[in-house]
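[1] Quick one: sequence and predicted model below, then my questions.
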Amino acid sequence: MAAEPGLQELRELVAEFQPGRGHVLPALHKVQHTYGWVPRAAIEVIARQLNTTPALIYGAVTFYSDFRTHPPAKYEVAWCCGPACRLRGGEAIREAIQEELGIGLDEQTPDHRFGLHVGQCNGTCHEAPQIWVNGRVRGNLTPESARDLIRSLRDGE
Amino acid sequence: MNARLQKLIADAKAAWQAEQASGRVRIRVTLDTSSIARGAEETLARLRDAAASRKIDADVGITGSWGFCWMEPCVSVRSAAGTHAVLYGNVTPDRVDELIDAIAAGRDLPSLALGVIEGNATPDIPLLEDHPFMKGQVRRLMANLGRTDPENIDHYLAHGGYEGFGKALEMDAEAIVKEVLDSGLGGRGGGGFPTGRKWDFLRNATASPRYLICNADEGDPGAWVNRILMEGDPHLIIEGMLIAALASHADEGYIYIRYEYPLAFERMKKAVAQAYEKGLLGKDILGTGKNFELIVFLGAGAYVCGEETGLINSIDGYRGMPRIKPPFPAQAGLWNKPTNVNNVESYANAPLILRNGAQWWSSVSDAKEKGTKMFTFSGHVKQAGCIEIPFGPKVRTLLEQYAGGLSGDLPLKGFQPGGPLSGVLPASDIDLTLTLDPYRERGMFLGSGGVVFFDQSACIVDLCLFFLGFCEDESCGRCTTCHGGTQRAVEILRRIAAGGGRDADLDNFEKLIGTLVWSNCLHGQFAMTSIKTSLKTFRDEYVEHIVDKVCRAGVCKGLMPGRWARRAAPQPAAAAAD
Ligand SMILES: Cc1cc2nc3c(=O)[nH]c(=O)nc-3n(C[C@H](O)[C@H](O)[C@H](O)COP(=O)(O)O)c2cc1C
Ligand code: SF4
């Protein structure tokens, strides 16, 4: 698992952001973009930089579903929960993947190789039902092909 | 027109003409989120490699979406002489060689052709405009898509880009507002409120600075019209915001893009940077003394941030919880300063209105709603794609002509006009028009353009469970009516789906419907719409679930499968109950 970055490093990372300029989300994005997640220490550093309270920053982190408070897995699997996917058998895809990985939504495998979470429709409904593996659409799945895909990722290392 | 703008446009046109007359084969690959999902990046790379290795003098580039999302990657090929160009679909990476062979031999590839886009039809390939998917479409917002490079501001300038802004520069704010009012442009984010009136509110505000926000949160699952525009022609949106800024004396603008649209975010950022470079944004725009700063802002995954005051709080850095109105954004919005929020498509229409006049713009539609509207469609359809049509056609046209009909052999059960708050309607309403009134009259709304069709394999309880589950997850938590109410509705639906439905449940729904209308924002107020509308038209199906313990679609696992259950469904082969 990735170590928490140091305070000095974090301070430098968010030094460009200013109070009262709508910089909370941009600062959080920069941290997550750099480390793949938002470490605890970053919350305090951003709060100080933006002259606000850690509670407010933490409030934002937990409100938005795309900020991670733990390091990402090697393969982050987003299961699209949109209507086209659901109509075309998305639930069965989720069940197959959960069974194959032995985890539920918002969980990671113990070896941190796979994480599973809900993805919101990005308008590639022509590929329904689909998942995104590290942001890449893998569509037109059947429960079998979804399992095969997970297995091939697992074996591909 | 402003002399500097005139020069920018003249230079861009000259460059475009030179490009056209280069004597090289021109290959354009649609590169957007939809095509990338179908391998367009690899198609592009292979086309470049193959052209180089086979010494074909080709200019290979990218463009926006033609709307044929289900047939991506789309690739257009224009002959070296520039007299003939064909659009191809389904050019997946494995078909690149075939296409390159044809190009090398100087012939077309009819097996993949969608139509001729320049020059005459051939015996094998009709004109694209005669393709059933293109007939009846009027492409104004989408005029550049498929033709220009969205990452090149000169391409935009060479096609009438920033001319509307040029005209607006010579008008006073009131006249711009009047032109937009005269056009009849209504907000495309779902409400249909006259855009000109909103600009006038801001124009008349007394405090400063004033802000413009472009709502590119497009959170309705099944809607991707804003994404198609941002990825395909980002400058149209920037120009629209510039015109709005002149009309309302705004100082600064934000384009708030949802996290799920990383490519749209990159393209908008690139376009804004180019506009700054050309002097179209920033201080002393084109030497006119006018200023307008534009910031591209990335959301972080929250549906309620599409609600305008939730969005404002989100930029502010707070949890994106909708505010209590009044005050309205025009009085106290971003940092409590006067603010105007419009949808992407609303702003994108402004350049067309200014460039061609309100009369031209509105005459395209016979309906009460003026102009064209973009729609995307998905679900149990053969073709999930995007179109632009004048307001007025029926839902049936969308399904049968543009979506190519249903994908399976089961009959249509119903559709959702636009987003999880908009409600569901039965197949018998298929002849409603895609305009605002029919849905308003039913206590629902048309929404922002993402229509979802479903056939008899869908279960109404399961669908409502999905919509209510979405509303529960995305409730900001401010109102007990909304977060508690959606939670309660989900519990009841789950119980019904699991076979534990009770006689009192339908009354419970009615109580919840009566309670959630007291929520603060439209999210809570409309969260029950899918249950409300389906209780009217699909009541039998609820009763079957609750009393007979039968799910006719065979979706609910706790119940006996009924007449529409697919044989492949993993249910025991119980006798059909109806
Ligand atoms: C829960 C919720 C989500 C919304 N999502 C969007 C959205 O994604 N895009 C949008 O333009 N409007 C959305 N709206 C409507 C906005 O609040 C606002 O009315 C709209 O942006 C105004 O723009 P318009 O006048 O150009 O339509 C949403 C409203 C609610 C209640
Ligand atoms: S209605 Fe729902 S989303 Fe809107 S403010 Fe209340 S709790 Fe938040």
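    On my side now, so go ahead. Ligands and ions are numbered 1, 2, ... in the order given.

[2] Tell me who's in contact with the closest residue to ligand 2 within the stretch 51-200 of chain B.
    Relative to ligand 2, the nearest point of the stretch 51-200 of chain B is residue B:190 (14.7 Å; Cβ to the nearest ligand atom). No exception for glycine: its C-beta is placed from N, CA and C like everyone else's. Taking Cβ atoms under 8 Å, 6 or more residues apart in numbering or on different chains as the criterion, residue B:190 is in contact with B:343, B:418-419, B:422, B:445-448.

[3] For residue B:298, see how far away the one residue in chain A that gets nearest to ligand 2 is.
    With Cβ to the nearest ligand atom as the measure, the residue in chain A that lies nearest ligand 2 is residue A:63; the distance is 11.2 Å. In this structure, residue A:63 lies at 15 Å from residue B:298, with Cβ to Cβ, to the nearest Å as the measure.

[4] With residue B:196 instead?
    The separation that residue B:196 has from residue B:298, given Cβ to Cβ, amounts to 29 Å.

[5] out of these two, which sits in the busier spot?
    Counted by other Cβ atoms under 10 Å in any protein chain shown, residue B:196 and residue B:298 do not tie: residue B:196 has more neighbours, with 24 against 20.

[6] Give me the helices and strands touching the helix or strand where that one lies, please.
    Of the helices and strands defined by DSSP states H and E, residue B:196 is found in helix B:195-203. Here helix B:195-203 is seen to pack against helix B:173-183, helix B:234-248, strand B:339-343, helix B:344-356 when contacts are counted using 3 or more Cβ pairs under 8 Å, 6 or more residues apart in numbering or on different chains; DSSP states H and E.

[7] before we move on, back to that, just the buried residues of the contacts of residue B:190.
    A residue is treated as buried here by neighbour count (16 or more other Cβ atoms under 10 Å in any protein chain shown); on that basis the buried members of those are B:343, B:418-419, B:422, B:445-448.

[8] Flag the least confident of those residues.
    For the buried ones among the contacts of residue B:190, the minimum pLDDT belongs to residue B:448; the value there is 89.

[9] you'd agree it is up against residue B:421?
    No - under the criterion of Cβ atoms under 8 Å, residue B:448 makes no contact with residue B:421, lying 10.4 Å away.

[10] where's the residue in the stretch 201-350 of chain B that chain A sits nearest to relative to ligand 2, distance?
    The nearest approach of the stretch 201-350 of chain B to chain A comes at residue B:224, 2.4 Å away (Cβ to the nearest Cβ). When distance is defined by Cβ to the nearest ligand atom, to the nearest Å, residue B:224 is 23 Å away from ligand 2.

[11] these two touch, right, that residue and residue B:452?
    No - between residue B:224 and residue B:452 there is no contact under Cβ under 8 Å: 12.0 Å.

[12] Give me the three-state assignment for residue B:311.
    The three-state assignment at residue B:311 reads helix, by DSSP: H, G, I helix; E, B strand; the rest coil.

[13] Tell me who's in contact with the closest residue to ligand 2 within the stretch 151-300 of chain B.
    Each residue of the stretch 151-300 of chain B has a distance to ligand 2, by Cβ to the nearest ligand atom, and the smallest belongs to residue B:219, at 11.9 Å. The contact partners of residue B:219, taken as Cβ under 8 Å, 6+ apart, are A:120, B:258, B:303, B:305-306, B:419, B:474.

[14] Spell out which parts of chain B neighbour ligand 1.
    Residues of chain B found near ligand 1, taking Cβ under 6 Å from any ligand atom as the criterion, are B:187-191, B:193, B:195, B:215, B:217-219, B:303-304, B:306-308, B:341-343, B:346, B:448, B:521-523.

[15] hmm, back to that, need the buried ones among the contacts of residue B:190 in TSV with distance to residue B:102, can you?
    Putting the buried ones among the contacts of residue B:190 into TSV (distance: Cβ to Cβ, whole Å) gives the following:
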residue	distance to residue B:102
B:343	42
B:418	41
B:419	42
B:422	45
B:445	48
B:446	43
B:447	42
B:448	40
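
[16] Taking those, tell me the two that lie furthest apart.
    For these, with distances taken as Cβ to Cβ, the pair at the greatest spread is B:343 and B:422 (15.0 Å).

[17] Surely residue B:19 is within a strand?
    No - with three-state DSSP as the criterion, residue B:19 is helix rather than part of a strand.

[18] Thought residue B:59 was touching it, still the case?
    Yes - look at residue B:19 against residue B:59 with Cβ under 8 Å: they come within range, at 7.4 Å.

[19] any residues in contact with both of the two?
    residue B:26.

[20] which residues of chain B score low on pLDDT?
    Judged by pLDDT under 70, chain B has its weakly predicted residues at B:567-578.

[21] What are the structural domain limits within it?
    Under the assignment automatic domain parsing, the domains of chain B span B:3-130, B:153-359, B:372-455, B:460-577.

[22] Kindly report the same for chain A.
    Described in terms of automatic domain parsing, the domain architecture of chain A consists of the residue ranges A:7-63, A:75-154.

[23] Quick one: the ones you listed as TSV, columns for mean pLDDT too.
    Conversion of the domains of chain A to TSV gives the following (pLDDT from 0 to 100):
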stretch	mean pLDDT
domain A:7-63	97
domain A:75-154	97
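
[24] Of the contacts of residue B:219 - the most surrounded one?
    In terms of neighbour count, residue B:305 stands highest of the contacts of residue B:219 at 31 neighbours, by other Cβ under 10 Å.

[25] Hmm, that residue is touching residue B:320, no?
    Yes - distance between residue B:305 and residue B:320: 3.9 Å, which falls inside the contact criterion (Cβ under 8 Å).
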